[in-house]
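> Please find the sequence and the predicted model below.
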Amino acid sequence: PKTVLLMMLLKLILPPTRLALIGTQPHGGKLLLALLRLLRPDFIFSQSAWWHKRFLGVAGCTRLLANGVDTEKFRPTNDPQQRLETRARYGFAPDDRLIMHAGPINLNRNLELLLDLCRSSDWKVLVIGSTTESYVPELAEKLCKGGVKLINEYIPNIDRVYGMADAYVFPVMDPGGSIEVPLTVLEAMSCDTPVVTTRFRGL
C-alpha cells in the first residue's frame, strides 16, 4: 500500500505517463487492491497465479512475469575437484549428505524444519544468511546449537556453494517470508542442484 500511495503522489506531480507495477511481494490485501483501483496503473505484472487473479480488473493490463537469474553466473559445477575443494573450505567431507538454504534468518522462514532434519537424520545442513535483511540472533543461536552450520556473511562465489550441495531446500510457508518467486530457488536450479520446496506462491 505504501508503494501505491507513493505512485499516486508521483502521478499528481509528474506529467501524464504510462505506469507499470511489478508485484514481487505484495502486501495489504483488500487495502492494496482498493488503492490500485484508484491509481489505475497501465500494467501490473504479478509473479503468482494467486495475485494475478486479484490484480485482474484493477489495471489496464495484467500479466504473469516470473523472476529470472543470471545463467552465466549460476551454472552447473562440472569440475569434481572444485566441488571437493569448496566442501573442504566450508568444513564438509566429500561423502557428507549435504543440503543448503540461503536467505534471511527470520522467524517467518520456517527454518526450524531444517533444524529437525539435522537432528533426526544423517544429513548435514548449511544455511547461508542474508547480509541485507533483518537477523534474529535467538534463531541463529538455536540453529547453531542444533547442529546447523550457519554462515552469515556475503559469499561472492555462492554458485560454488550451490554446486557442492546435494540439494537445496526452500521451507518457507508464510507468504510474508519471501518474494513470490524466490531467487535462491532459481539460482539453485540454474546450478543444476535439486530443489525441495514447499508449495510457495509463485513456485
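In hand now; what should we look at? Numbering: from 1, shown residues only.

> Give me the average confidence score over the one helix or strand Gly163 maps to.
Assessed by DSSP states H and E, Gly163 sits inside helix 158-164. Helix 158-164 carries an average pLDDT of 97.

> ok, the most centrally placed residue in the chain - contacts?
The centroid of the chain falls nearest to Pro182 when counting by Cα atoms, centre = their mean (3.0 Å). Applying Cβ atoms under 8 Å, 6 or more residues apart in numbering, we find Pro182 in contact with Asn67, Gly103, Phe170, Val172, Phe200, Leu203. Placement of C-beta: from N, CA and C, glycine included.

> Among the residues you listed, which one has the most neighbours?
Highest neighbour count within the contacts of Pro182, by other Cβ atoms under 10 Å: Val172, with 23 neighbours.

> got a list of what that one touches?
Applying Cβ under 8 Å, 6+ apart, one finds that Val172 lies in contact with Gly103, Asn108, Arg109, Asn110, Ser178, Pro182, Thr198, Phe200.

> Quick check, the fourth one in contact with Pro175.
No: under the criterion of Cβ atoms under 8 Å, Asn110 is not in contact with Pro175, lying 11.9 Å apart.

> Which helix runs longest in the protein?
If you go by DSSP state H, the chain has its longest helix at helix 2-13.

> Can you give the distance of that helix from its chain's centre?
On the basis of Cα atoms, centre = their mean, to the nearest Å, helix 2-13 sits 27 Å off its chain's mean C-alpha point.

> Buried ones in the next helix or strand after it, by neighbour count?
Following helix 2-13 in sequence order, the next helix or strand is strand 20-23 (DSSP H and E). Under the neighbour-count criterion of 16 or more other Cβ atoms under 10 Å, strand 20-23 has Leu21, Gly23 buried.
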